[in-house]
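[1] okay, sequence plus prediction incoming.
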Amino acid sequence: MSVLCNFLKRLTIKIEANTNNCCLNEKSLAKISSKWMNPRPRSCCPYTPTVFEHYANVVTHGIVIIPSIVGAYYLNYYAKTHDQYRSTLIYGISLILLFTVSTLFHLCSMLEVLRRTGWKTFFHYCDRATIYVFIASSYTPWLYLRSPNSAFGQSMIYVVWIGAALGIAYQLIFHEKFKILEIIFYLMIGVCPSIVVIDMEDVSGLTELAIGGALYVSGVLFFKSDGLIPFAHAIWHLFVTLGACVHFYAVYNYLL
């Protein structure tokens, strides 16, 4: 445990040093802040939410943790086969992790006592990595249950998980750098596997799958709008929650 704490402390010092170097003139360039939104930083600097934005970031995903646990339980409870159980277990766990890790990161960002510790940095890495895991997990039930005899569909399972692993590796190496490239990776991993629908005989539920995907993609506009739109990140959270709800509905009603 002490080794982990020391590692997190060194990592935090390194990241903060890099951030401070690229933001030396940020105060002189900043516009007048309000309680609803702070000025947009330079491209190399992270956005600093206002107190109200911090609260919104925590609440918008924090309130979904318990519903996601309940939802994951019911998915496994109503699974009728081993294949359904395995695929929905993966999806359910990733659903819980997505909202839990996001909430913990924003909580560490909000509370002064945690902000200067290595836990904020640790959960920031985990938060970004969990997005890749969640994307791959969201496709897994559809690829595993809808295309069990399709070489194309089964191969796509490996492709999407390898893509997620590469995305996580990218985060570990280039954390908070090349942010536009990061968004492109998210979109590629989130959209490309959808081509497997051409190989599916049963297309029920794919409309809901597309609607959920559209909500995720639409939310990306707010994900990159901190400092331009008040509560932009919290709005992004709402789009993620809506997309997750639609996808959960589709899995529950069409795959079980």
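    That came through fine. Numbers count the residues shown, from 1 in each chain.
[2] from here on, contacts and neighbour counts on C-alpha atoms
    Noted.
[3] residue 248 and residue 203, how far apart?
    Counting by C-alpha to C-alpha, to the nearest Å, the gap from residue 248 to residue 203 is 16 Å.
[4] so for those two, which sits in the more crowded spot?
    Under the neighbour definition other C-alpha atoms under 10 Å, residue 248 and residue 203 were set side by side, and residue 248 has more, 24 against 12.
[5] quick one: residues contacting the nearest residue to residue 226 once chain neighbours are set aside.
    Nearest residue to residue 226 in three dimensions, chain neighbours excluded: residue 232, at 5.4 Å (C-alpha to C-alpha, 6 or more residues apart in numbering). Counting by C-alpha atoms under 8 Å, 6 or more residues apart in numbering, residue 232 touches 222-226.
[6] between those residues, which sits nearest residue 70?
    Of all these, residue 223 has the smallest distance to residue 70: 27.2 Å, by C-alpha to C-alpha.
[7] what count of nearby residues applies to the closest one?
    Neighbour count of residue 223, defined by other C-alpha under 10 Å: 17.
[8] can you give me phi and psi for it?
    For residue 223, the backbone dihedrals are phi -60, psi -30 (criterion: degrees, to the nearest 10).
[9] likewise for the one 4 residues further on?
    Phi and psi for residue 227, reported as degrees, to the nearest 10, are phi 90, psi -10.
[10] was I right about it contacting residue 38?
    Yes. Residue 227 is in contact with residue 38 according to C-alpha atoms under 8 Å; the separation is 5.7 Å.
[11] neighbour-wise, which of these two wins?
    A direct count of neighbours by other C-alpha under 10 Å for residue 227 and residue 38 places residue 38 higher, at 23 against 19.
[12] and the more buried one, what does it touch?
    Contact criterion C-alpha under 8 Å, 6+ apart gives 32, 47-50, 227 as the residues in contact with residue 38.
[13] neighbour-wise, give me the winner out of the residues you listed.
    Within the contacts of residue 38, most neighbours by other C-alpha under 10 Å means residue 49, with 25 neighbours.
[14] and residue 73, helix, strand or coil?
    Look at residue 73: counting by DSSP: H, G, I helix; E, B strand; the rest coil, its state is helix.
[15] which residues of the stretch 1-150 of the chain score low on pLDDT?
    Scanning the stretch 1-150 of the chain for pLDDT under 70 picks out 1-33, 43-44, 148.
[16] nearest the middle, which residue of the protein would you pick?
    Using C-alpha atoms, centre = their mean, the residue of the chain that lies closest to the mean C-alpha position is residue 131, 3.0 Å off.
[17] ok, that one touching residue 97?
    No. Residue 131 sits out of contact with residue 97 when judged by C-alpha under 8 Å, with a separation of 9.3 Å.
[18] I figured residue 104 hits residue 125, correct?
    No. With contact defined as C-alpha under 8 Å, residue 104 and residue 125 do not form a contacting pair (11.6 Å).
[19] which neighbours do these two share?
    When contacts are counted by C-alpha under 8 Å, 6+ apart, residue 104 and residue 125 are jointly contacted by no residue.
[20] residues making contact with stretch 84-96?
    For stretch 84-96, the surrounding residues in contact (C-alpha under 8 Å, 6+ apart) are 65, 68-69, 71-73, 75-76, 79, 130, 133-134, 137-138, 140-141, 144-145, 244, 255-256.
[21] quick check: ChimeraX command selecting the buried ones in those residues.
    Restricted to the buried members of the contacts of stretch 84-96, where burial is judged by 16 or more other C-alpha atoms under 10 Å, the ChimeraX selection command reads as follows:
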select :65,68,71,72,75,76,79,130,133,134,137,138,140,141,144,145,244,255,256
